[in-house]
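S.K.: Predicted structure and sequence below. I'll ask about it afterward.
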Amino acid sequence: MKARGVVDLDPAAPLLPNAERIVRTRLDELRSLAPAALEPSASTAQHDLRIAAKRLRYLLEIVEPCFGPEAKAARDAAKQLQSVLGEIHDCDEMLAQVESIDSLFTLLRTRRELLFRQFSDLWRGSLDRHTFSLLSSESGGDQIDR
């Protein structure tokens with residue numbers, strides 16, 4: 001999955017305005033991919049969301065000092081999403097290899113279902129806690145547009 005381009009970056013500007021633009025773009029990317037990924041069998045959408053979470057996580061590791069504790073919470077949430085979605089992807093890859101071994105296929109399928117519930121709970125929990133929206137002005141936070 002190709003990353004969305006970030007518009008209006010200014011190499012001569014201070015870090016914060018550019019970091020805000022990049023974080024906003026990565027958050028928008030993450031949010032836009034989530035609805036499709038919340039479908040249990042949407043393995044491609046889940047993998048794309050994992051990549052988006054990874055991009056956001058690594059970005060926040062760099063610019064976290066610009067945004068304070070909200071960035072740490074968002075980075076931690078992105079890391080958890082990335083991890084569980086990675087495990088789901090591993091199950092998807094293995095399921096294709098073990099279709100003819102019923103017991104292993106059933107075990108992996110069950111594990112994937114449990115991991116999907118974990119992912120769904122993580123995502124909904126991040127929405128309930130406003131983990132990602134605290135970085136943006138869209139839901140009342142002022143970190144991005146201060």
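M.R.: Looks like it came in fine. What you see is a predicted model, and the numbers here were worked out from it, not measured in a lab.
S.K.: Would you map the helices across the protein?
M.R.: Listed from the start of the chain, the chain has helices (DSSP state H) covering 15-37, 43-67, 69-97, 102-128.
S.K.: List phi and psi for P40.
M.R.: phi -50, psi -40 (degrees, to the nearest 10).
S.K.: Tell me the confidence at the spatially most central residue of the chain?
M.R.: Per CA atoms, centre = their mean, the C-alpha nearest to the average position across the chain is that of A53, at 2.6 Å. pLDDT, A53: 98.
S.K.: ok, it touching A78?
M.R.: Yes - taking CB atoms under 8 Å as the definition, A53 is a contact partner of A78 at 4.5 Å. In short, each C-beta sits where N, CA and C put it, glycine included.
S.K.: what's the overlap in contacts for those two?
M.R.: L30 (CB atoms under 8 Å, 6 or more residues apart in numbering).
S.K.: and the residue nearest to the centre of the chain, what does it touch?
M.R.: Here A53 is in contact with 30, 78-79, 81-82, 85 (criterion: CB under 8 Å, 6+ apart).
S.K.: next one: W123
M.R.: 34, 37-38, 81.
S.K.: Could you rerun that using 10 Å?
M.R.: Contacts for W123 (CB atoms under 10 Å, 6 or more residues apart in numbering) come out as 30, 34, 37-38, 49, 53, 77, 80-81, 84-85, 131-132.
S.K.: Repeat that for A36.
M.R.: 42, 44-46, 48-49 are the contacts of A36 under CB under 10 Å, 6+ apart.
S.K.: Grab the nearest non-local neighbour of E64.
M.R.: A71 (4.3 Å; CB to CB, 6 or more residues apart in numbering).
S.K.: R4 too?
M.R.: Using CB to CB, 6+ apart, the nearest residue to R4 is E29, at 5.0 Å.
S.K.: The nearest residue to V6 once chain neighbours are set aside: neighbouring residues, count only.
M.R.: Leaving aside its sequence neighbours, V6 sits nearest to T25 (CB to CB, 6+ apart; 4.7 Å). Neighbours of T25 under the rule other CB atoms under 10 Å: 19.
S.K.: I figured T25 hits L135, correct?
M.R.: No - proximity of T25 to L135 does not meet the contact threshold set by CB atoms under 10 Å, at 11.9 Å.
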